[in-house]
Structures are given as structure tokens and as C-alpha cells.
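> dropping a prediction and its sequence here:
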Amino acid sequence: MSAETSDDTSLLLDIDNHVAVVTMNNPPANTWTAESLEQLRAMVDSLNDNKDVYALVVTGQGDKFFSAGADLNLFADGDKAIAVAMAQSFGRAFETLSAFRGVSIAAINGYAMGGGLEVALACDIRIAEAHAQMALPEAKVGLLPCAGGTQNLAWLVGEGWAKRMILCGERLNASQALEIGLIEDMVAVGHGLERARKMAESVANQSPPAVAACKQLIQNCRSAPLQHGLLQEREAFVKLFDTEDQTEGVRAFLEKRQPQWKNK
């Protein structure tokens, strides 16, 4: 399959082998703007409609910054209208990323600060290179994480560590982040994207409709009671029998061959 690329703005897109790689490309620190956040939202919506894409990797251009988040110059004048617009832009973009139907993986290749860490928190899986540093330092400048940081971080690492990072301003290296469950894997410097691609490509071994249903059920645990989730799980299981991939998966296993997914 040929690769599809786009590099006309501060987000670069490359699609190959069922994997879309989105690279933040706004030097020197890959900061977010209202325009790039809207582009991310639109890009993920488009990828949701592309049945040939099973997984998404997010990374940063260069070897120092994954992303430093928002440019603080935006908030220097204390303009509440700008604050409202940026908070809404961050929310729309990262919530759309979190709801991506496939598997999303953050390849953290350097500093991930503020909104830079929050975009990683919106992904399903996080892989960090050994030199990476992670923090949510907004309170140090009189702000707070407004792109899911207070909610997603606490869910991932527990209330205590979330409070240490957000309330006490603690910065974590990759080893510490792995220890507390903030990331799922740590790799050598320069190997983050390679590891993320390999993991993303492994998603193609699973039925895309089944992956989408499983992801939704797992994330359901954050907001719904257990009994509701168990009921949804059984309903989703039966609903998969309406898909062609369910029949193909079972037949391929019984016939001892690789399944040919159609994502429908």
C-alpha cells in the first residue's frame, strides 16, 4: 500500500500500512495554536472515515520537544475571550483524539509539558524515549490544565500522583513515568517512533470493528457503573455478529490462515 502524506501546516500526516502518523511540527517547541488544534480535530475526524487506517501515532518533530503545550504569549494580556477560545479548542481537539475509533499511541520523543502532555494523555498508549520529561506546570504561572489533564492524569496514575504533578509541580523523567503507569513503555533515545509504529502495525492483527468496540467499552469504565458496562459488553459482543470481519476472523482461525479484514 502506498503512503499518503500531507505537510502543508504545523501538523504533518503520513499514512502507511494501516497506520497514520501525526507529527507536531511547530518549532522550536512544537507548541499548539488554535489553528493546529482545529487541524488535529479535523484530521482525526477524517481518519475515522478512512477504513484503511487502524491506528494513529502522535509524535513531535525533532529530538528535544514532543510538545511544550500552548504558547504562553497567548495569555500574557489576561484576555478572557482568548482563554475561552483556546480552552474550547483544546477540548474539542483532544476529546476527538480520545474518541478515535482505532488505537492511538503517543511517541513521546522529548519534553511533554502542559498541553503537550495532555495530548499524550488523550491517547490510548504512551511510549517515551529515555530522555523525555513530563509535567503539567500550569499552576506555576497561575493557570491550570484545561485539556483533560486533571481528569485523565488522575485516572491513569491515581489521585496522589496527579496531585504531586499538578499541585506540587513535580516533573517526571521517563523512568519515573513508567514506574507510576503514566507511560506503558520506555525506549532508547531516537527509537520512540519506531516502537510506536511497530505497536500500531500490530493492531492490524485484530478485527477493526472488534478493536473499536473493545476500546469504547474500556473507556466506558471512566464514567459508567460496572453493571452498565457489563450489559454493554454483552450487547457489543452480539452486535459484532452483524460484521463481515467477525465471520472472517472465526473462519480464518478454523482454517489456520491469516484473516483478511475489511473493517466492516
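Great, that's in hand. Quick caveat: nothing in here was measured; it's all calculated off a predicted structure.
> scan the chain for its longest helix.
Looking only at the chain and at elements set by DSSP state H, the helix with the highest residue count is helix 80-98.
> how far out from the middle of the chain is that helix?
The chain centroid and the centroid of helix 80-98 are separated by 16 Å under Cα atoms, centre = their mean, to the nearest Å.
> Phe66: what secondary structure?
When states are read from DSSP: H, G, I helix; E, B strand; the rest coil, the local structure at Phe66 comes out as strand.
> I meant to write Thr23 there.
Following three-state DSSP, Thr23 is assigned to strand.
> which residues touch it?
With contacts taken as Cβ atoms under 8 Å, 6 or more residues apart in numbering, Thr23 has the following neighbours: 11-14, 58-61. Heads up, the C-betas are built off the backbone N, CA and C, glycines and all.
> can you show me the strands along the stretch 151-264 of the chain?
In order along the chain, the stretch 151-264 of the chain carries the following strands (DSSP state E, counting those that start in this stretch): 172-173, 185-187.
> save these as TSV, and put in mean neighbour count, mean pLDDT and distance to Lys239 too.
Rendered in TSV, the data for the strands of the stretch 151-264 of the chain read as follows (neighbours: other Cβ atoms under 10 Å; pLDDT from 0 to 100; distance: least, Cβ to Cβ, whole Å):
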stretch	mean neighbour count	mean pLDDT	distance to Lys239
strand 172-173	19	98	40
strand 185-187	19	98	32
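> with distance to Pro208 added, can I get these in CSV?
Formatted as CSV, the entries for the strands of the stretch 151-264 of the chain read as follows, by distance: least, Cβ to Cβ, whole Å:
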stretch, distance to Pro208
strand 172-173, 34
strand 185-187, 23
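> hang on, the earlier thing: list the contacts of the longest helix of the chain.
Identification of contacts with helix 80-98 by Cβ under 8 Å, 6+ apart yields 32, 34, 37-38, 40-41, 44-45, 56, 58, 70, 74-75, 104, 115, 118-119, 121-123, 146-148, 152, 219.
> what's the angle from the next helix or strand after it to helix 80-98?
Proceeding C-terminally, helix 80-98 gives way to strand 103-108 as the next helix or strand, assigned by DSSP states H and E. Orientation note: strand 103-108 sits at an angle of 120 degrees relative to helix 80-98 (axes from the mean of the first three to the mean of the last three Cα atoms, to 10 degrees).
> who does strand 103-108 pair up with?
Strand 103-108 pairs in its sheet with strand 55-60 (parallel), strand 125-129 (parallel), by DSSP bridges.
> pick the most buried one from those.
For the strands paired with strand 103-108, the largest average neighbour count (mean count of other Cβ atoms under 10 Å) is found in strand 55-60, namely a mean of 27.
> send the alpha carbons of it over as CSV?
What follows is strand 55-60 as a C-alpha-only set of coordinates in CSV (Å, rounded to 0.1, in the frame of the first residue of the first chain):
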residue,chain,number,x,y,z
ALA,A,55,-4.1,3.0,14.3
LEU,A,56,-2.8,6.5,14.9
VAL,A,57,0.6,7.6,16.2
VAL,A,58,1.3,11.1,17.6
THR,A,59,4.8,12.4,17.9
GLY,A,60,6.9,15.6,17.8
